[in-house]
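Q: quick check, what structure comes out for this input:
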Amino acid sequence: VGGKVNYFSTDHCKGRVVYWPAPAVAIIPFTFRDFHIRLPAKLNGKEVQMTLNTGSPGSSIRASEATRLFGITEDTDGNLDMRDIQGRKEFQRIFDSLELDGIAVSKPRLTVTPDDLVGSRDPNNGYVTGTRVRRVDDLDTNFPAVSLGMNVISKLRIYLAFDEGRLYATPPVRPAPAAPPAN
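A: I've put the predicted structure just below:
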């Protein structure tokens, strides 16, 4: 909301971390694995697992998951910004909603990425981890197919309580309009 990050002591009362005014609070259990925060959510009402990706400006979903859950393919009406990448179609799709334990983000835009452009099959997979066996963006088979990027994360206020394994999220509270000056 304000474009800033605050760091706090982990010494707090469990479950009592939201210190700002909020009309609603989502409390979502998460796991921290391979340096990624993984959490459950609902995309257009369907349950999905996703990762928080603060390093990505946009959110994404792998094509196989978009097809499996929603029947979305590269030929589906409503796709936006179609790009051809080495003969494979990548496009954007505006979904109706993304819900985190009751907190909804309306009209999230996700890039639908062909599966063969992700992980070890990515032609830009050049980040070496120190061995020739594995690269940084090689995905394990349990890696969530949905990645939540800053286009959605920036619409929320988030507090990560690692000791609790909980993510607290609230919709942003807009300041009330200033009262007109007294005459």
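Q: got the phi and psi for N151?
A: phi -60, psi -30 (degrees, to the nearest 10).
Q: can you report how many residues lie near it?
A: 16 (other Cβ atoms under 10 Å). In this view, the C-beta of every residue, glycine as well, is placed from N, C-alpha and C.
Q: show me what contacts it?
A: 57-59, 108-109 (Cβ atoms under 8 Å, 6 or more residues apart in numbering).
Q: pull the most distant pair out of those.
A: Greatest spatial distance among those (Cβ to Cβ): P57 and P108, at 13.3 Å.
Q: quick check, K107 in contact with D96.
A: Yes: between K107 and D96 there is a contact at 7.1 Å, judged by Cβ atoms under 8 Å.
Q: just how off-centre is the helix with the most length in the chain within its chain?
A: When the chain is parsed with DSSP state H, its longest helix is helix 63-70. Averaged C-alpha coordinates place helix 63-70 at 17 Å from its chain's average position (Cα atoms, centre = their mean, to the nearest Å).
Q: equivalent analysis for stretch 100-120, please.
A: On Cα atoms, centre = their mean, the centre of stretch 100-120 falls 7 Å from the chain's centre.
Q: in it, what's buried?
A: 100-101, 103, 105, 108-114, 116-119 (16 or more other Cβ atoms under 10 Å).
Q: among these, which are located in strands?
A: Applying DSSP state E to the buried residues of stretch 100-120, the entries found in strands are 100, 103, 105, 109-113.
Q: next, count neighbours for E47.
A: Using other Cβ under 10 Å: E47 sits among 10 other residues.
Q: what's opposite it in the beta bridge?
A: Taking DSSP bridges as the rule, E47 bridges to K42.
Q: can you pull out the low-pLDDT segments for the protein?
A: Within the chain, the stretches with pLDDT under 70 are 1-3, 10, 12, 85-87, 117-142, 173-179, 183.
Q: nearest residue to the middle of it?
A: L148 (1.2 Å; Cα atoms, centre = their mean).
Q: my guess is that one meets G58, correct?
A: No: distance between L148 and G58: 9.7 Å, which falls outside the contact criterion (Cβ under 8 Å).
Q: thinking again about what came up before, so who does the residue nearest to the centre of the chain touch?
A: 41, 50-53, 59, 98.
Q: about what we covered before: residues making contact with the longest helix of the chain?
A: For helix 63-70, contacts defined as Cβ under 8 Å, 6+ apart pick out 43-44, 46, 48, 72-74, 93, 112-115, 145-146.
Q: all set now, cheers.
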